[in-house]
Every structure is written in C-alpha cells, then in structure tokens.
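Chemist: Give me a model of this one.
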Amino acid sequence: MALFMSGFMSLVISIFNVGFVENIVILWLKAWAFAFCVAFPTVILIAPLVHKLTNRLIRAPL
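Modeler: Numbers count the residues shown, from 1 in each chain. Below you'll find the model as predicted:
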C-alpha cells in the first residue's frame with residue numbers, strides 16, 4: 001500500500017507543482033523515492049493502531 005500510495009501521490013503533487021515538463025518522469029521518480037522512504041515506516045508504525053481502532057469501532061454496539 002505504501003508503494004502505490006506514495007507513487008500516486010508523488011506523481012499528482014509533482015504534476016501540480018511543475019506541470020507536464022519535459023523531465024517530469026525524473027522529477028517524479030526522485031519525489032517517489034523520498035515519499036516512499038517516509039510512507040513505508042509510517043505504514044509500519046500506524047497500521048497496527050488503525051487496525052485496533054477499526055476493530056473497536058466495528059465491534060462497538062450501536
């Protein structure tokens with residue numbers, strides 16, 4: 001999930017910031033490398049907490 005989300009978000013943000021320039025692929029790949037280095041550890045740390053919260057919300061009586 002971190003791979004695809006960081007890739008998609010970095011592409012959208014790169015296009016938003018610089019537009020469709022000639023070297024957009026190189027700019028995007030650099031941004032993606034940085035974004036993935038942030039996204040992967042974040043997912044590893046946050047996913048268990050989100051999982052617990054989701055289980056509590058789903059199992060909570062209405």
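Chemist: any idea how far Val12 lies from Leu53?
Modeler: Separation of Val12 from Leu53 (CB to CB, to the nearest Å): 27 Å. No exception for glycine: its C-beta is placed from N, CA and C like everyone else's.
Chemist: pLDDT weak spots in this structure?
Modeler: 60-62 (pLDDT under 70).
Chemist: can you pull out the helices in it?
Modeler: Along the chain, the stretches classed as helices by DSSP state H are 2-18, 24-59.
Chemist: Most tightly packed of the ones you listed?
Modeler: Mean neighbours per residue, mean count of other CB atoms under 10 Å, is largest over the helices of the chain for helix 2-18, with a mean of 14.
Chemist: by how many degrees do that one and helix 24-59 diverge?
Modeler: Here the directions of helix 2-18 and helix 24-59 differ by 130 degrees (axes from the mean of the first three to the mean of the last three CA atoms, to 10 degrees).
Chemist: just the CA coordinates of stretch 47-62, formatted as PDB?
Modeler: Taking C-alpha atoms only, stretch 47-62 is exported to PDB below (Å, rounded to 0.1, in the frame of the first residue of the first chain):
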ATOM      1  CA  ALA A  47      -1.200   0.200  10.600                       C
ATOM      2  CA  PRO A  48      -1.400  -1.700  13.900                       C
ATOM      3  CA  LEU A  49      -3.000   1.300  15.600                       C
ATOM      4  CA  VAL A  50      -5.500   1.800  12.800                       C
ATOM      5  CA  HIS A  51      -6.300  -1.900  12.900                       C
ATOM      6  CA  LYS A  52      -7.100  -1.800  16.600                       C
ATOM      7  CA  LEU A  53      -9.200   1.300  16.300                       C
ATOM      8  CA  THR A  54     -11.100  -0.200  13.400                       C
ATOM      9  CA  ASN A  55     -11.800  -3.400  15.400                       C
ATOM     10  CA  ARG A  56     -13.100  -1.300  18.300                       C
ATOM     11  CA  LEU A  57     -15.400   0.700  16.100                       C
ATOM     12  CA  ILE A  58     -16.800  -2.300  14.200                       C
ATOM     13  CA  ARG A  59     -17.400  -4.300  17.400                       C
ATOM     14  CA  ALA A  60     -18.800  -1.400  19.300                       C
ATOM     15  CA  PRO A  61     -22.600  -1.700  20.000                       C
ATOM     16  CA  LEU A  62     -24.700   0.900  18.200                       C
END
